Structure formats: C-alpha cells, structure tokens
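Participant: Here is a sequence together with a model predicted from it:
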Amino acid sequence: MPQPDNSQQDRRTSKMVDRRYDQVLRLERLENMGLLATRVAHDLNNMLAPIKMAIPMLRPALNDAAARNLLDSLETTMGRATALVRQILEYADGAGGQFQLVPIQDLLEEIALFATETFPPNIRIEEQIPMDLWQVNANLSQIHQVLLNLCVNARDAMVHGGTLSLRAENCLLNAAMAAEIEGGRAGPFLVLQIDDTGTGFSPAAMAKMWEPFMTTKKAGKGSGLGLSTIRDIIVHHQGFIQLRTAPGKGTSFRIHLPAAGIPKAKAAIEVVKAKRSLVSSTPCNRS
Ligand SMILES: Nc1ncnc2c1ncn2[C@@H]1O[C@H](COP(=O)(O)OP(=O)(O)O)[C@@H](O)[C@H]1O
Ligand SMILES: [Mg+2]
C-alpha cells in the first residue's frame, strides 16, 4: 500500500489542528453567551418585578371588559416571561428547571393563539388538539420554548405564506415503529407535531441542523441556536425527535415525550379503543 508523503500528512495534521481550534473557539463563545444570558436574566428579573406588582393594582381601576381581558393576557405572558427568566437562572445554577406532571393542551392552545395573532395573515394556522391526551412529566417553560422555536422556524420557512399545523396525539410505539425513528424506543408517548408547507430543509442545513450557530438566515435574523436548544431540551426529557422534510415540500417535526403514569397495558387498550373510534384521530397517524 503506498504511504502518504510527508506533505500530505502535514496538511492533514494542520486541518485537524484547525478543526480543534474552531471547536475551542465555539466552546468559548458558548460559555460567554451563557454568562451573558445569566446577566441579562438577572436584569430582566429586576425589570419584570414592578410590572408584576402593578398588574393586580391596575385591575380594580378597569371597568371595561376588553381592557380587563387585555390585562389578563398581559398577566399570563408576564408569568411566562418570569418562568423563562427563572429557567435561565436555574440552568446557570445547574438546577435544570422544574419538572412536573402536566397536561399539554393549554400550552398548545396558547402557542396556536400566539401564532394566529402575530404571524403574517398569509400563514394559516391549523390545530388538532384532542382533550384526552396523556400527561407528561415536563418542564413547561422548556416545552413552551421548543414549540415556539419550531413555530418561528416554520414561519421563517413560509415567506410567501402557507399552513402551519399544530397537532398532538397519544402514540404507543412498538419495537418495529420505534426502530424507524433515530434514537426512538418503544413505549407510550405523547407526540407533538408541528408541520409547515414551507421551503423544507436545504441539504446543507440538513447536514448540520443540530449544531449550535448553524443558520442559513441573514445576520440579525437567525442565531442558529433554535434546533440545538430543542434537541438538548428533548433529550433532557428523555424524548426523541422525528423529522421529515424535503426541499420545496415543507417540514414536519414530531416530538415524542414519554407519557407519564400510563401502564403499558392500559396504553395498549386505549390505543385500540381510539383506533376503533371514528371520532378520535388514529394514533400515530404519521401523515
Ligand atoms: N421548518 C423549517 N423549514 C426549513 N428550514 C428550517 C426549518 N427549521 C429550521 N430550518 C433550517 O435550520 C436552520 C437552523 O435553525 P435554528 O437552529 O432554529 O436557527 P435559526 O432559526 O436561528 O436559523 C435554519 O437557519 C434553517 O436553515
Ligand atoms: Mg430558529
């Protein structure tokens, strides 16, 4: 076998050193961003405090029902912002945020409403959120962040309009179904599905999609941190992600979160019942 000459080896070594150097720079950048995020979170926490105190003081002064509704939605958003700030501070402390047994319907409705109110009118929002969803043991503000990132990415992929659909379903994966999903495993899962009819992933974006700072968006439009954060959060929840995308044909993300407190036998019976019922959507109906 011919031996590579010295200059070839030198070039390889120098490429390897360059790659390592890039990795070190990237890690340093991440660390600095972490510090910056913690400082911003502290400041934001202080700024949010007077708003939080003022909201209940304002309520008795409002006679108008529409104004009171507005104040209610302000309070909900405020709660969400506080939770997000708390999450960053807890993360910096190494606590990783609070997990609790939660139903996910309200969160999905909230995200769908946010998209309806803030996305351009040429994007149609569809939702399919059954009421009999299994619960999950989750950190609500982290899952909120996941859904928001996915919806914002979907919006950005549909500059000329399209349809964003939010769905949820109970899904009992058997070993064969699980084997078809990267990182998948069998068991009962709550699946959150976000579909868009946008550009689809470009092959270049696809190759590096989970890497921090990978963005195809113009400077100032994208940070490239959305998908890597999503993956970290879902792995932290012991879940996994299924992606389907094709250039020009849209994108579909399915987030699998382990259902909590569902014995396997009960899950199997429920899925069979749901399959028989024409009212419920067919479980695991990958479209
Ligand atoms: N729904 C989608 N459709 C098409 N491409 C997408 C979609 N979501 C993400 N991408 C691609 O993945 C890249 C990384 O996404 P993300 O990590 O959220 O960072 P950012 O949105 O800041 O660019 C995007 O720049 C885009 O190229
Ligand atoms: Mg993004």
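Facilitator: The structure has been received and is ready for your questions. Numbering: from 1, shown residues only. Ligands and ions are numbered 1, 2, ... in the order given.
Participant: all helices of the stretch 1-150 of the chain, in order?
Facilitator: Under the criterion DSSP state H, counting those that start in this stretch, helices of the stretch 1-150 of the chain are mapped to 6-58, 65-93, 105-118, 140-156.
Participant: Which stretches in the stretch 151-287 of the chain count as helices?
Facilitator: In the stretch 151-287 of the chain, helices defined by DSSP H, counting those that start in this stretch lie at 175-179, 203-207, 226-236, 264-276, listed in chain order.
Participant: just checking, which of these comes out with the lowest mean pLDDT?
Facilitator: Mean pLDDT across these is lowest at helix 264-276; the value there is a mean of 61.
Participant: Skip the chain neighbours and tell me the closest residue to the closest residue to ligand 1 within the chain.
Facilitator: At 2.3 Å from ligand 1, residue 226 is the closest residue in the chain, using Cβ to the nearest ligand atom. Heads up, the C-betas are built off the backbone N, CA and C, glycines and all. Counting by Cβ to Cβ, 6 or more residues apart in numbering, residue 149 is the residue found nearest to residue 226 once chain neighbours are left out, at 4.1 Å.
Participant: for that neighbour, what are its contacts?
Facilitator: Remark: with contacts taken as Cβ atoms under 8 Å, 6 or more residues apart in numbering, residue 149 is in contact with 226-227, 229-230.
Participant: What is the burial count for the residue of the stretch 151-287 of the chain found nearest ligand 2?
Facilitator: Scanning the stretch 151-287 of the chain for proximity to ligand 2 using Cβ to the ion identifies residue 226 as nearest, at 2.8 Å. Residues lying near residue 226 (other Cβ atoms under 10 Å) number 21.
Participant: Help me confirm that it comes into contact with residue 151.
Facilitator: No. Counting by Cβ atoms under 8 Å, residue 226 sits too far from residue 151 to count as a contact (10.5 Å).
Participant: residues touching residue 100, list them.
Facilitator: Contact partners of residue 100, counting by Cβ under 8 Å, 6+ apart, are 137-140.
Participant: Show the buried residues in those residues.
Facilitator: With burial judged by 16 or more other Cβ atoms under 10 Å, the buried subset of these is 138-140.
Participant: which stretches of this structure aren't confidently modelled?
Facilitator: Within the chain, the stretches falling below the threshold (pLDDT under 70) are 1-5, 23, 26-27, 91-97, 263-287.
Participant: Residue numbers of it in contact with ligand 2?
Facilitator: Within the chain, the positions adjacent to ligand 2 are 153, 226 by Cβ under 5 Å from the ion.
Participant: Kindly list the longest strand within the chain.
Facilitator: Assignment by DSSP state E gives strand 162-173 as the longest strand of the chain.
Participant: For ligand 2, what's its nearest residue on the stretch 1-150 of the chain.
Facilitator: Residue of the stretch 1-150 of the chain nearest ligand 2, by Cβ to the ion: residue 149 (5.4 Å).
Participant: Let's check: the centremost residue of this structure is which one?
Facilitator: Within the chain, one residue has its C-alpha closest to the average C-alpha position: by Cα atoms, centre = their mean, that is residue 146, at 1.6 Å.
Participant: Name the residues of stretch 168-179 that come out as buried.
Facilitator: Neighbour-count burial for stretch 168-179, counted by 16+ other Cβ under 10 Å, picks out 168-173, 178.
Participant: What is the end-to-end distance of that stretch?
Facilitator: With Cα to Cα, to the nearest Å applied, stretch 168-179 spans 21 Å between its terminal residues.
Participant: what's the answer for stretch 168-177, then?
Facilitator: With Cα to Cα as the measure, the first residue of stretch 168-177 is 18 Å from its last.
Participant: I'd assumed residue 130 was in contact with residue 167.
Facilitator: No. In terms of Cβ under 8 Å, residue 167 does not count as a neighbour of residue 130; the distance is 9.0 Å.
Participant: And these two? Which one has more around it.
Facilitator: Taking residue 167 and residue 130 together and counting by other Cβ under 10 Å, residue 167 has the greater number of neighbours (20 against 14).
Participant: residue contacts, the residue of the stretch 151-287 of the chain closest to ligand 2?
Facilitator: Neighbour list for residue 226: 149-150, 152-153 [criterion: Cβ under 8 Å, 6+ apart].
Participant: what does this protein put close to ligand 1?
Facilitator: Contact residues (Cβ under 6 Å from any ligand atom) of the chain with ligand 1: 149, 153-154, 157, 196, 198-201, 205, 209, 214-217, 222-227, 251.
Participant: Please spell out the PyMOL selection for the buried subset of the residues you listed.
Facilitator: Per 16+ other Cβ under 10 Å, the buried members of those correspond to this PyMOL selection:
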select buried, resi 149+153+154+157+196+198+199+200+201+205+209+214+215+222+224+225+226+227+251
